[in-house]
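Colleague: got a predicted model here, sequence first, then my questions.
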Amino acid sequence: MAKIGLFYGTQTGNTQTAAELIQQEFGGDSVVDLHDIADAESSDFEEYDFIIIGCSTWNIGELQSDWEGFYDELDNIDFSPKKIAYFGTGDQISYADNFQDAIGILEEKISSLGGTTVGYWSIDGYEFNESKAVRNGKFVGLAIDEDNQAELSNSRIKSWVAQLKQEFGL
């Protein structure tokens, strides 16, 4: 089976925990390699045709700090032959006006660099006002809210990974 690179940034550990659950759901480290973006280099992206990006939204619609520091490095990566999936962690109640903005910011940039977005996720079941992560009525990836809907995270991850397996052709 093809290897998948999962690149995440984490502050509180929620995004890392979600990354590890996604890795397990795919079948473990023989299928998905985890990369903390704080320790990653542009060249790390080259070996994968399938990439998963995980980022939490911080402050008022900002990227997690390690992703913010890596953002300009994205320009050095050829995403054109790659399928890219996104997941984000955030708080839809306290930050209803910018819920999941970070994955929207990253998806917009990576798409402009040739990446093909897969893994769109329904906005049904979420309560928020606005999000840079919504395109054509769906999130650009899996939205996880450990603050308000932690009980739904595992089932959402299972469903999303099953969807990605099909979209990645695995």
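Modeller: Looks like it came in fine.
Colleague: what's next to stretch 162-170, contact-wise?
Modeller: Here stretch 162-170 makes contact (Cβ atoms under 8 Å, 6 or more residues apart in numbering) with 1-2, 4, 26, 50, 52, 83, 85, 118-119. Bear in mind the C-beta positions are built from the backbone N, C-alpha and C, glycine included.
Colleague: next, the buried residues of it.
Modeller: For stretch 162-170, a neighbour-count test (16 or more other Cβ atoms under 10 Å) marks 163-165, 167-168 as buried.
Colleague: which strand is the longest one in this protein?
Modeller: Criterion DSSP state E: the longest strand present in the chain is strand 50-58.
Colleague: for that one, C-alpha coordinates in PDB please.
Modeller: Output in PDB follows, covering the C-alpha atoms of strand 50-58 (Å, rounded to 0.1, in the frame of the first residue of the first chain):
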ATOM      1  CA  PHE A  50      -0.900  11.400  -0.600                       C
ATOM      2  CA  ILE A  51      -0.600  14.100   2.100                       C
ATOM      3  CA  ILE A  52      -2.700  14.900   5.100                       C
ATOM      4  CA  ILE A  53      -2.400  18.300   6.700                       C
ATOM      5  CA  GLY A  54      -3.400  18.900  10.300                       C
ATOM      6  CA  CYS A  55      -3.600  22.300  11.800                       C
ATOM      7  CA  SER A  56      -5.500  24.000  14.700                       C
ATOM      8  CA  THR A  57      -6.900  27.500  14.400                       C
ATOM      9  CA  TRP A  58      -5.400  29.900  17.000                       C
END
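Colleague: low-scoring stretches of this protein, by residue?
Modeller: 1-2 (pLDDT under 70).
Colleague: that one: strands as residue ranges?
Modeller: Counting by DSSP E, the strands of the chain are 4-8, 32-36, 50-58, 62-63, 83-89, 116-118, 121-122, 134-135, 138-139, 142-144.
Colleague: which helices and strands does the longest one pack with?
Modeller: Okay, so that is strand 50-58. When contacts are defined as 3 or more Cβ pairs under 8 Å, 6 or more residues apart in numbering; DSSP states H and E, strand 50-58 packs onto strand 4-8, helix 14-26, strand 83-89, helix 101-112.
Colleague: got TSV for those, with distance to N148 and mean neighbour count too?
Modeller: What follows is the helices and strands packed on strand 50-58, written out as TSV (distance: least, Cβ to Cβ, whole Å; neighbours: other Cβ atoms under 10 Å):
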stretch	distance to N148	mean neighbour count
strand 4-8	21	24
helix 14-26	12	20
strand 83-89	11	28
helix 101-112	17	22
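Colleague: out of these, flag the one nearest A38.
Modeller: With Cβ to Cβ as the criterion, A38 lies closest to strand 4-8 of those, at 9.6 Å.
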